[in-house]
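Chemist: no sequence on hand, only this structure:
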């Protein structure tokens with residue numbers, strides 16, 4: 001459901017969310033991938049995440065870390081640093097899966113939120129997951145970033161036409177794993193390409209320029225084990241610095257953007 005008469009704060013032309021799916025090796029383990037793929041995840045948690053956070057902080061950009069609750073036990077220092085630096089923690093399931101059994105799903109989400117809130121020292125209001133909307137809302141989670149259905153933020157209802165959830169959509173064209181992964185999600189090697197960073201810079205700048213002209217929105221989905229490599233961090237920094245040369249570019253966390261929308265464009269049912 002599109003948001004009628006959507007508008008950013010005064011002086012803002014476009015909002016750009018940089019989001020990190022910080023799951024380290026959890027998905028690799030769940031899929032029982034080879035040791036080399038698991039090692040990529042370890043790199044993301046031990047090296048890549050520090051590189052990319054340092055770059056964002058040097059350029060004054062706050063990001064949202066969509067983080068499985070289990071990461072709070074595996075990499076607590078990373079998350080504590082992120083919170084201290086002003087970044088947002090948001091849910092990304094307990095161990096990167098949503099159980100089909102409702103009771104187990106509830107237990108997983110409850111555990112994940114409790115772990116994240118203990119680190120963040122504030123309620124967790126966002127998720128990137130397929131958790132049941134009614135369950136999410138019952139836990140105080142009010143926005144999701146788990147769809148490519150639209151280019152602008154919008155409200156989504158569940159199958160019964162209830163439990164409105166603000167969606168902050170991303171697109172796989174803005175997902176680093178689509179360009180820099182080999183053997184991604186058990187796909188055959190022949191299906192993979194490792195592209196030059198300058199090619200991706202041009203693709204992502206074109207996407208930004210298109211939305212900037214229209215007063216639109218972008219949500220970049222980055223993985224520290226993918227974009228945490230030095231040349232990719234440098235490319236993203238060049239992209240940010242070029243964006244910053246234009247007026248009206250806003251780099252909020254997903255939570256900050258959601259707060260603006262809830263304040264100025266609350267869900268109004270059929271009137272939307």
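Modeler: Now that the structure is in, tell me what you want to look at. In this text, all values refer to a predicted model and were calculated from it rather than measured experimentally. Numbering: from 1, shown residues only.
Chemist: looks to me like residue 117 is in a strand.
Modeler: No. The assignment for residue 117, made by DSSP: H, G, I helix; E, B strand; the rest coil, is helix rather than a strand.
Chemist: how many other residues sit next to it?
Modeler: Neighbours of residue 117 under the rule other Cβ atoms under 10 Å: 17. Placement of C-beta: from N, CA and C, glycine included.
Chemist: again with residue 113
Modeler: 23.
Chemist: quick check: it touching residue 72?
Modeler: No. Taking Cβ atoms under 8 Å as the definition, residue 113 is not a contact partner of residue 72, at 10.7 Å.
Chemist: for stretch 68-78, which outside residues touch it?
Modeler: 22-24, 26, 45, 49-50, 53, 79, 91-96, 108, 111-116, 118-119 (Cβ atoms under 8 Å, 6 or more residues apart in numbering).
Chemist: average pLDDT for the strand or helix carrying residue 202?
Modeler: According to DSSP states H and E, residue 202 maps onto helix 197-213. Helix 197-213 carries an average pLDDT of 97.
Chemist: now do the buried residues in whichever helix or strand comes after that helix.
Modeler: Moving toward the C-terminus from helix 197-213, the next helix or strand (DSSP H and E) is strand 217-222. For strand 217-222, the neighbour count (16 or more other Cβ atoms under 10 Å) marks 217, 218, 219, 220, 221, 222 as buried.
Chemist: could you say what helices and strands strand 217-222 packs with?
Modeler: strand 14-21, helix 197-213 (3 or more Cβ pairs under 8 Å, 6 or more residues apart in numbering; DSSP states H and E).
Chemist: so which of the contacts of stretch 68-78 are in strands?
Modeler: Using DSSP state E, residue 91 are the members of those that sit in strands.
Chemist: which ChimeraX command selects the buried ones in the contacts of stretch 68-78?
Modeler: Filtering these down to the buried ones (16+ other Cβ under 10 Å) takes a single ChimeraX command:
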select :22,23,24,26,45,49,50,53,79,91,92,93,94,95,96,108,112,113,115,116,119
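Chemist: run a quick neighbour tally on residue 205.
Modeler: 15.
Chemist: what does stretch 163-174 contact?
Modeler: Against stretch 163-174 from outside (Cβ under 8 Å, 6+ apart): 1, 17, 19, 126, 133-134, 136-137, 142-158, 178, 203-204, 207, 217-221, 254, 257-258, 261-262, 267.
Chemist: if you set the cut-off to 7 Å instead, what comes out?
Modeler: For stretch 163-174, the surrounding residues in contact (Cβ atoms under 7 Å, 6 or more residues apart in numbering) are 17, 133-134, 136-137, 142-145, 147-151, 153-157, 178, 203-204, 207, 218-221, 254, 257-258, 261, 267.
Chemist: now, these that are in helices?
Modeler: 133, 134, 136, 137, 203, 204, 207, 254, 257, 258, 261 (DSSP state H).
Chemist: buried subset of those residues as a PyMOL selection?
Modeler: Command for PyMOL that selects the buried part of those, burial taken from 16+ other Cβ under 10 Å:
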select buried, resi 133+136+204+207+254+257+258+261
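Chemist: between the ones in helices among the contacts of stretch 163-174, which is nearest residue 230?
Modeler: residue 204 (17.8 Å; Cβ to Cβ).
Chemist: where does the closest residue to the closest one other than its chain neighbours sit, in terms of helix or strand?
Modeler: Of all residues not flanking residue 204 in the chain, residue 239 sits nearest, at 5.8 Å (Cβ to Cβ, 6 or more residues apart in numbering). Per DSSP H and E, residue 239 falls inside helix 230-243.
Chemist: who's in contact with that helix?
Modeler: When contacts are defined by Cβ under 7 Å, 6+ apart, helix 230-243 is touched by residues 16, 51-52, 55, 59, 61, 180, 197, 200-201, 204-205, 208, 227, 249.
Chemist: still on that earlier bit, return the subset of the contacts of stretch 68-78 lying in helices.
Modeler: Residues of these located in helices (DSSP H): 26, 49-50, 53, 79, 108, 111-116, 118-119.
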